[in-house]
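S.K.: What shape does this take:
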Amino acid sequence: MKALRIEQENLTRFHDVEPAALGEGQVRIAVRHVGLCGSDYNTFKGLNPLVQLPRIPGHEIGGEIVAVGAGVDASYKPGRRAIVMPYTNCGKCASCRKGRLNACRYNKTLGVQQDGGLAEEIVLPAEKVILNDTLAPRHLALVEPLSVGFHAVERGRVAKGDTVAVLGCGMIGMGVLIGAVAKGARVIAVDPSEEKRNLALKFGAEHALPAGGEDLLAKVAELTGDDGVDVAFEAVGLPATFTQAVDLAGFAGRVVYVGYSKAPVTYQTQFFNLKELDIMGSRNATLQDFRNVIAHLETIGEAADLLISKVFPFEEAEAALPYWDGHRDALKIVIERN
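M.R.: Residues are numbered from 1 along each chain as shown. Here you go, the predicted structure:
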């Protein structure tokens with residue numbers, strides 16, 4: 001079968017690879033849609049420390065079941081559409097024992113620590129496949145990235161009436177924004193891209209501000225009556241936005257880090273104590289987060305198309321990551337295979 005590999009920095013190529021054998025408890029999925037993630041882009045640029053090249057990218061996957069192994073529940077029938085949960089969980093580490101499978105110490109995400117879904121087919125345990133025949137096929141590939149944002153909203157304990165700031169309106173930040181709006185929060189979106197700020201407003205942000213130092217802090221202070229925000233979400237992954245989240249959070253506020261900085265971050269730590277902040281990390285997503293996103297996408301219907309910036313046919317997938325490298329404002333690039 002054909003699969004796209006990131007061979008080395010700035011180089012992707014199609015290869016013929018041997019399809020995986022179908023084992024007990026597994027399903028074979030014909031991959032129809034793959035969304036490209038920031039982790040795929042960082043791998044392409046040689047900036048992802050979790051990846052060893054060559055690697056087949058892609059963990060935002062929608063497809064169709066074409067075969068099932070022994071012992072798989074009868075509901076997993078060939079022809080049914082499927083959304084992939086791309087994480088693994090060992091069941092034994094401290095996170096797994098606490099029921100937080102999304103934070104498994106030994107997780108191997110598709111397209112990161114193991115080959116991903118940018119191929120004609122992929123074989124997975126049935127337990128990692130969510131059946132869905134109601135969403136538009138392209139929208140199946142939106143569920144995973146949005147679920148990461150929805151999970152961050154749960155981590156931040158966002159409630160109706162909260163004011164939240166979302167630093168970064170890429171796809172993960174948009175998931176945070178959409179999830180927070182669904183909770184009844186007032187959202188202040190922050191991004192340097194005017195296009196992304198406008199999209200944030202379409203999805204329910206009350207304000208959308210350009211990124212930038214003291215001007216941003218002053219504007220948020222004005223919008224919140226000098227209280228700061230109840231929850232600040234960092235979805236960029238830069239030292240400046242890591243510290244900015246602490247500055248934007250009000251007293252007794254919460255900070256949730258969804259991105260991670262590739263460089264060391266220096267803090268004025270007295271604000272942790274003076275404000276008595278709750279500071280949390282957020283990783284991946286749970287099955288319930290996936291279900292919440294699916295329900296939301298079924299509610300908004302065609303509006304979800306606004307989240308897709310460009311679609312590449314599978315045959316032209318070699319051009320997708322180079323395209324994104326030249327169009328950094330693109331929110332979500334999807335590879336489509338008929």
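
S.K.: Helix or strand for Ile279, just tell me which one.
M.R.: Assigned by DSSP states H and E, Ile279 belongs to strand 278-281.

S.K.: Of all the residues in that strand, which ones are buried?
M.R.: Residues of strand 278-281 classed as buried by neighbour count (16 or more other C-beta atoms under 10 Å): Asp278. All C-beta atoms are positioned from the backbone trio N, CA, C, and that covers glycine.

S.K.: Does it pack against any helices or strands, and if so which?
M.R.: Applying 3 or more C-beta pairs under 8 Å, 6 or more residues apart in numbering; DSSP states H and E, we find strand 278-281 packed against strand 249-257.

S.K.: which helices and strands sit right next to the strand it packs on?
M.R.: Right, strand 249-257 is packed against strand 229-234, helix 239-248, strand 278-281 by 3+ C-beta pairs under 8 Å, 6+ apart.

S.K.: Give me whichever of these is most buried.
M.R.: Mean neighbours per residue, mean count of other C-beta atoms under 10 Å, is largest over the helices and strands packed on strand 249-257 for strand 229-234, with a mean of 29.

S.K.: partners of that one, with directions?
M.R.: Neighbouring strands of strand 229-234 in its sheet, by DSSP bridges, are strand 163-167 (parallel), strand 249-257 (parallel).

S.K.: Contacts only, for the closest residue to Gly35 other than its chain neighbours.
M.R.: The shortest distance from Gly35 to any non-neighbouring residue, by C-beta to C-beta, 6 or more residues apart in numbering, is to Glu60 (3.4 Å). By C-beta atoms under 8 Å, 6 or more residues apart in numbering, the contact set of Glu60 is 34-37, 86, 141-145.

S.K.: and if you look at Lys183?
M.R.: Contacts of Lys183 by C-beta under 8 Å, 6+ apart are 153, 158-160, 162.

S.K.: Show me the chain divided up by domain.
M.R.: Here the domain parsing of the chain from automatic domain parsing is 2-133+308-336, 150-281.

S.K.: Mind putting those into CSV with distance to His296 and mean pLDDT?
M.R.: Below are the domains of the chain laid out as CSV (distance: least, C-beta to C-beta, whole Å; pLDDT from 0 to 100):
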stretch, distance to His296, mean pLDDT
domain 2-133+308-336, 13, 97
domain 150-281, 6, 97
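
S.K.: Please tell me which one of the contacts of Glu60 counts the most neighbours.
M.R.: Val34 (32 neighbours; other C-beta atoms under 10 Å).

S.K.: Deepest-packed of the domains of the chain, please.
M.R.: Across those, averaging neighbours per residue (mean count of other C-beta under 10 Å) puts domain 150-281 on top, at a mean of 20.

S.K.: returning to what we had before: what's the closest of the helices and strands packed on strand 249-257 to Glu9?
M.R.: Each of those has some distance to Glu9 by C-beta to C-beta; the shortest is helix 239-248, at 23.1 Å.

S.K.: Give me the angle between the closest one and strand 249-257.
M.R.: Computed with axes from the mean of the first three to the mean of the last three C-alpha atoms, to 10 degrees, the direction of helix 239-248 lies at 140 degrees from that of strand 249-257.
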